[in-house]
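**Q** quick one: sequence plus predicted model below, questions after.
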Amino acid sequence: MAVSIDWPTKVITIPKADTTLVDIGPPEIRALDTNQFRKDLNALQAGENGMPFDTTHTHIAPITIGGVTLARSVEIINGYTITFENGAYAVNLTESNNNISDVVNLNTVSIRSANSAGLTSFPQIDLQNIKLLVENLRADHTGQGTIFYWNPDAGDDNLTGLTQDDAVATFAQAHSLATSGAHDIIVALSGSIGITTTTEAIEITKNDVFLRGPGSGFQIIPTSTTAPTVKINALGVEVSSMVVGTAATGGQNAIEVATGANDFLIKDIRIPDAQNDGINVSGTVAFGKIDSVFIEDAIGDGVHLDGDIHHVTITGAEIEGCGGNGIYFSGTTVRECVICCETKLYTNTGYGIRIDSPGTRIFIDQDVSIYGNTAGTLLDNGTATEIRSVWTDDLTESYPVDGQSAATPAQMLYSINQMLSEFARTGTTVSIKKRDGTEAFQLTLDSATAPTSSTQST
């Protein structure tokens, strides 16, 4: 059975078979392609039986105005009405703006119109390109694949995960839906007002999967003590914008980056009260970024890089109150790592930064703040560490000695301060005093009466 027209009564009949199943329901939902429907009407109108009768409809094809393509329009005219084959189902009217719902003969079929004054032609809206444009605004880890939604509060693992309404309940299910290497995104949703907490420890084993949360309203705090809360065990993984804790016992790391998990990104994460390290990177790992994390009161180190680790950047971190060091470099060949961008390390029991041998070429930028750490500011047993004038609150008074090739920031500050404020001159000798009044060093003037230069004599 196909679309038919009773010409004398002007009733157009649409069989259920001419609609497409959308959802088996209940309720059952079907769709009518109104563009194909108007083509069927044209064919009937052009036939021998239809030629004598009034035209059934008008049609305006999609039109582009100012770079925007407006959708086609189909209008049933001249008193024609439409009857859908009776039944317990609904019909979505697609592919045009139309007046079908205004001329339908009512029965048990529900008609759903989607007319809009600004309706555009869907083929002209490339949602994939829009997504790529937005993602390309990111500095790194741009999502180019499918977006899956994870909602521990209201999700269902029997759903597709492709929309917020169809979110899955567990990360394990969301992870199973993602494709390794496709740059898929898993969006963690807060399912209710307040804080959403999941106790599911997670492991990411597929390359280029990006897990992104809504911020502090989503937290992962497991009850299990057998594994880290978040384990990154694949290439190019991102974990961002959530709170990551550990079980109250068990000695686990909050976030663990496993050997081979190169090019990782850990960003905008708060880690409270970890039972071991806040973030642990171990084994052989190259190229990663720890960005804008806040780690507090970890039993171990705030961040521990242990193994053959290189080209890892720690930027904008704040690490306080940890039982170990703020940042700890250890292992076989930790090298070419950077700490920068207003990173703050304070009130940790160990050192603010500890570099064990044979750590090589660790770069510490000048805007890093280190203060109030029990063991000290920096323990540097590495090689070729580059420190760009790290200012701290616990500078130790010291002064350069004659012949010293370079002065430390503390030596320069104390020397300038004391030369301006505390000195004694006898003939060509100027004695610069320490803060306790004893001599720090001497300057010898080239003249006792009209000096033009001085040299450090002791």
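**A** That came in fine, so what should we check first? Residues are numbered from 1 along each chain as shown.
**Q** for the residue located most distally from the centre of the chain, what is the enclosing helix or strand?
**A** Computed with CA atoms, centre = their mean, the residue of the chain farthest from its C-alpha average is residue 449, at 68.1 Å. Using DSSP states H and E, residue 449 sits within no helix or strand.
**Q** same check, this time on residue 378
**A** Going by DSSP H and E, residue 378 is part of strand 376-380.
**Q** the helix or strand just after that strand: how far from the chain's middle?
**A** Moving toward the C-terminus from strand 376-380, the next helix or strand (DSSP H and E) is strand 386-387. Remark: strand 386-387 is offset 30 Å from the chain centroid, using CA atoms, centre = their mean, to the nearest Å.
**Q** list the contacts of strand 386-387.
**A** Strand 386-387 is contacted by residues 361, 362, 363, 364, 378, 380 when judged by CB atoms under 8 Å, 6 or more residues apart in numbering. Quick note: C-beta positions are derived from backbone N, CA and C, even for glycine.
**Q** restricted to buried residues, select the residues you listed in ChimeraX.
**A** A single ChimeraX command selects the buried members of the contacts of strand 386-387 (16 or more other CB atoms under 10 Å):
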select :362,364,378,380
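**Q** between the contacts of strand 386-387, which sits nearest residue 75?
**A** residue 363 (69.3 Å; CB to CB).
**Q** re the thing from before, torsion angles phi and psi at the residue farthest from the centre of the chain?
**A** Per-residue torsions, residue 449: phi -110, psi -40 (degrees, to the nearest 10).
**Q** how about residue 414?
**A** The phi/psi pair for residue 414 (degrees, to the nearest 10) is phi -70, psi -40.
**Q** check residue 40 too.
**A** According to degrees, to the nearest 10, residue 40 has phi -60, psi -40.
**Q** swap in the one 3 residues further on?
**A** Dihedral angles of residue 43 (phi, psi; degrees, to the nearest 10) stand at phi -60, psi -40.
**Q** name the spans of the stretch 251-400 of the chain whose pLDDT lies under the cut-off.
**A** 389-395 (pLDDT under 70).
**Q** again, 90 this time
**A** Counting by pLDDT under 90, the ranges of the stretch 251-400 of the chain that qualify are 331-333, 358, 366-367, 387-400.
**Q** would you map out the domains in the protein?
**A** If you go by automatic domain parsing, the domain ranges for the chain are 4-124, 127-387, 409-456.
**Q** on that earlier part again, for the residue farthest from the centre of the chain, what are its contacts?
**A** Applying CB under 8 Å, 6+ apart, no residues qualify as near residue 449.
**Q** do a quick rundown of the helices in the stretch 101-250 of the chain.
**A** 127-135, 171-177 (DSSP state H, counting those that start in this stretch).
**Q** hey, least reliable of those helices by pLDDT?
**A** Among those, helix 127-135 carries the lowest mean pLDDT, at a mean of 71.
**Q** quick check: residue 150 vs residue 48, distance?
**A** 59 Å (CB to CB, to the nearest Å).
**Q** more neighbours: which of these two?
**A** residue 150 (27 against 6; other CB atoms under 10 Å).
**Q** so who does that one touch?
**A** So residue 150 contacts 161, 167, 168, 169, 170, 171, 173, 174, 186, 187, 188, 189 (CB under 8 Å, 6+ apart).
**Q** what's the local residue count around the first one?
**A** Counted by other CB under 10 Å, the residues lying close to residue 161 total 25.
**Q** just the last one next, same as before
**A** Here the count is done by other CB under 10 Å, and residue 189 has 19 residues near it.
**Q** from here on, call the first residue 48.
**A** In the new count, where the first residue is 48, that last one comes out as residue 236.
**Q** state the distance from the nearest residue to it once chain neighbours are set aside to residue 244.
**A** Once flanking residues are discounted, residue 236 sits nearest to residue 198: 4.2 Å by CB to CB, 6 or more residues apart in numbering. Residue 198 is 13 Å from residue 244, where distance means CB to CB.
**Q** please identify which of those two sits among more neighbours.
**A** residue 198 (26 against 15).
**Q** go ahead and confirm residue 395 touches residue 420.
**A** Yes: between residue 395 and residue 420 a contact is recorded at 4.8 Å, counting by CB atoms under 8 Å.
**Q** shared neighbours of the two, anything?
**A** 372, 373.
**Q** between those two, which one's more packed in?
**A** Higher neighbour count among residue 395 and residue 420: residue 395, with 29 against 25, using other CB under 10 Å.
**Q** what's the strand holding residue 425 packed up against?
**A** Other elements packing on strand 423-427 under the criterion 3 or more CB pairs under 8 Å, 6 or more residues apart in numbering; DSSP states H and E are strand 398-402, strand 416-418.
**Q** report the buried residues of the last one.
**A** Residues residue 417 are the ones in strand 416-418 that count as buried (16+ other CB under 10 Å).
**Q** ok, now the first one?
**A** Buried residues in strand 398-402, defined by neighbour count with 16+ other CB under 10 Å: 398, 399, 400, 401, 402.
**Q** which SSE is immediately downstream of it?
**A** Taking DSSP H and E, what comes next after strand 398-402 is strand 410-411.
**Q** ok, what's across the strand from residue 425?
**A** residue 400 (DSSP bridges).
**Q** how much space between it and residue 397?
**A** Distance from residue 425 to residue 397, by CB to CB: 11 Å.
**Q** pLDDT wise, what is residue 498 at?
**A** For residue 498, pLDDT reads 88.
**Q** find the residue at the geometric middle of the protein.
**A** Centre-most residue of the chain, counting by CA atoms, centre = their mean: residue 287, 4.1 Å.
**Q** columns distance to residue 55 on top of the contacts of residue 197, output as JSON lines?
**A** Shown next, in JSON lines, are the contacts of residue 197 (distance: CB to CB, whole Å):
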{"residue": "208", "distance to residue 55": "53"}
{"residue": "214", "distance to residue 55": "53"}
{"residue": "215", "distance to residue 55": "55"}
{"residue": "216", "distance to residue 55": "57"}
{"residue": "217", "distance to residue 55": "61"}
{"residue": "218", "distance to residue 55": "63"}
{"residue": "220", "distance to residue 55": "58"}
{"residue": "221", "distance to residue 55": "58"}
{"residue": "233", "distance to residue 55": "60"}
{"residue": "234", "distance to residue 55": "57"}
{"residue": "235", "distance to residue 55": "61"}
{"residue": "236", "distance to residue 55": "57"}
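**Q** nearest to residue 377, of those?
**A** Among the contacts of residue 197, and counting by CB to CB, the member closest to residue 377 is residue 218, at 30.8 Å.
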